[in-house]
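Colleague: let's see this in three dimensions:
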Amino acid sequence: MQLSDIDYDLPEARIAQKPIEPRDSARLLVAIDIENVQHLQVKDLASMVGPGDVIVVNDTRVLPARLMLQRRTGGTAEVLLLEQRSPDHRLWEALIRPARKLKEGEILEYFGKRVVRIGPRTEAGDTFVVEIIDEDPLALVNRIGAMPLPPYIRGSLKDGERYQTVYARRAASAAAPTAGLHFTPELIEAVTATGAPIHRVELVVGLDTFKPISTDNPLDHVIHSEMYNIEPSVIEACKSANRVIAIGTTAVRALESAGSTGNLSGRTNIFITPGYEWKIVDVMLTNFHLPKTSLLLMIESFVGKRWRQLYATAIEMEYRFLSFGDAMLISREKN
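Modeller: Have a look, this model is predicted:
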């Protein structure tokens, strides 16, 4: 396999820069039936589900994890917290800039206050362990941190809650499970009223959301591990369902990790590529993804080469792409 196999031309004009209002008015390309592609809205999801369906969302909450700090030399530094490494929220795995200039043991400040100590590189080699220097590290992060919007989003959000799902719980992630951004309380009520329950899992979204594939063969790409947790009742509901509908690729990763290993919590580095034998998920609601990313490998594994036709249709029909963009509802290709 070559990197060009998961590449496509994404016009800049198709990259959504702002969230749409209301959330569930986002467009939805429906490709459940191979022969019949429909163009609806996310709010129409309730008309496509019913008894026997189980819907699974990732209820992680985004941490204001981007810290803009000062070096004692006078320069600036950026710390992006990815995942906590200690129960007291003091130690974190992080991306730092400028990585080549910052040295282990260096102290970074926020308007004269010592707030971060740079630790060693992690085993992955491209992230660092950092220490938050405060009696209440999490409170400090919430006070001085900024929402870690993706680099293709220009500007900032007036309302940080628009980069959170309405059902988000524990603040732990470095990015939002963006397919879930389309849900509103009204849509949740309408969906559950059909007899299709909504279940929650948690997968802490980390580095791979930001990291493009750089290897010539995308199958050689190394996936960073992420923490996940699933209640036993969720897996039992999935086992008895006619269809399991995952909202977003992070919910997919959590469910398929459990299905592949039998472990309902822990770390996962599952890498879903063409040829993967699907265990749980039947239908996926997902946004449109960047070229040359592991997410496109997952999509190809799910629907085959047909993803190219679906993406071309979405571009031609002027769908909005990426985190604040529109979505598609796709059914797994049967072998």
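Colleague: alpha carbons only for contacts and neighbour counts from here, please
Modeller: Noted.
Colleague: a helix runs through N142, doesn't it?
Modeller: Yes. Counting by DSSP: H, G, I helix; E, B strand; the rest coil, N142 is located in a helix.
Colleague: can you point me to the longest helix in the chain?
Modeller: Ranked by number of residues, the top helix in the chain under DSSP state H is helix 249-261.
Colleague: what is that one packed up against?
Modeller: Secondary-structure packing of helix 249-261 (3 or more Cα pairs under 8 Å, 6 or more residues apart in numbering; DSSP states H and E): strand 53-58, strand 198-203, strand 265-268, strand 283-287.
Colleague: mean pLDDT for the ones you listed: which is lowest?
Modeller: Looking at these, the lowest mean pLDDT belongs to strand 265-268 (a mean of 95).
Colleague: got the buried residues for that one?
Modeller: Within strand 265-268, the residues that qualify as buried by neighbour count (16 or more other Cα atoms under 10 Å) are S265, R267, T268.
Colleague: repeat for stretch 184-192
Modeller: T184, L187, I188, A190, V191, T192.
Colleague: please enumerate the helices of this protein.
Modeller: 137-144, 185-193, 232-239, 249-261, 294-303, 306-316.
Colleague: so which of those gets nearest R114?
Modeller: Nearest of the helices of the chain to R114, taken as Cα to Cα: helix 137-144 at 11.3 Å.
Colleague: domain map for the protein?
Modeller: Following automatic domain parsing, one finds the domains of the chain at 3-62+158-331, 66-144.
Colleague: can I get those in TSV including distance to P150?
Modeller: Putting those into TSV (distance: least, Cα to Cα, whole Å) gives the following:
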stretch	distance to P150
domain 3-62+158-331	7
domain 66-144	11
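Colleague: now, of those, which is deepest in the fold?
Modeller: Between those, domain 3-62+158-331 has the highest mean count of neighbours, a mean of 19, where neighbours are mean count of other Cα atoms under 10 Å.
Colleague: who touches the longest helix of the chain?
Modeller: Helix 249-261 is contacted from outside by 56-58, 177, 201-203, 205, 228-230, 246, 263-265, 268, 270, 278-281, 284, 286, 295, using Cα atoms under 8 Å, 6 or more residues apart in numbering.
Colleague: just for the stretch 151-300 of the chain, where's the confidence low?
Modeller: Across the stretch 151-300 of the chain, the ranges flagged by pLDDT under 70 are 207-210.
Colleague: and L91, bridged to which residues?
Modeller: Residues in a beta bridge with L91, per DSSP bridges, are E131.
Colleague: I'd like to know how far it sits from P120.
Modeller: Noted for L91: a distance of 11 Å to P120, by Cα to Cα, to the nearest Å.
Colleague: what's the overlap in contacts for the two?
Modeller: By Cα under 8 Å, 6+ apart, L91 and P120 have these common neighbours: V129, V130.
Colleague: what's in contact with stretch 24-38?
Modeller: Taking contacts as Cα under 8 Å, 6+ apart, the residues outside stretch 24-38 that touch it are 20, 39-43, 182-184, 187, 283, 314, 319, 325-331.
Colleague: where's the closest residue to L45 other than its chain neighbours relative to I235, distance?
Modeller: Leaving aside its chain neighbours, L45 sits nearest to V191 (7.2 Å; criterion: Cα to Cα, 6 or more residues apart in numbering). Going from V191 to I235 by Cα to Cα gives 20 Å.
Colleague: again, but for G180
Modeller: Using Cα to Cα, we find G180 at a distance of 20 Å from I235.
Colleague: who are the neighbours in contact with the residue nearest to D134 when sequence neighbours are not counted?
Modeller: The shortest distance from D134 to any non-neighbouring residue, by Cα to Cα, 6+ apart, is to V115 (6.7 Å). Neighbour list for V115: I107, L108, E109, I132, I133, D134 [criterion: Cα under 8 Å, 6+ apart].
Colleague: right, and T273 touches V303 too?
Modeller: No. Between T273 and V303 there is no contact under Cα atoms under 8 Å: 11.3 Å.
Colleague: looking at the helices of the chain, which is nearest to S173?
Modeller: helix 249-261 (11.2 Å).
Colleague: so what's the closest residue to S265 other than its chain neighbours up against?
Modeller: Distances taken as Cα to Cα, 6+ apart place N229 nearest to S265, at 4.2 Å, with adjacent residues excluded. Taking Cα under 8 Å, 6+ apart, we find N229 in contact with V201, E202, L203, A254, L264, S265, G266.
Colleague: give me the pLDDT for V62.
Modeller: pLDDT, V62: 96.
Colleague: where's it relative to M227, distance?
Modeller: According to Cα to Cα, V62 stands 14 Å off from M227.
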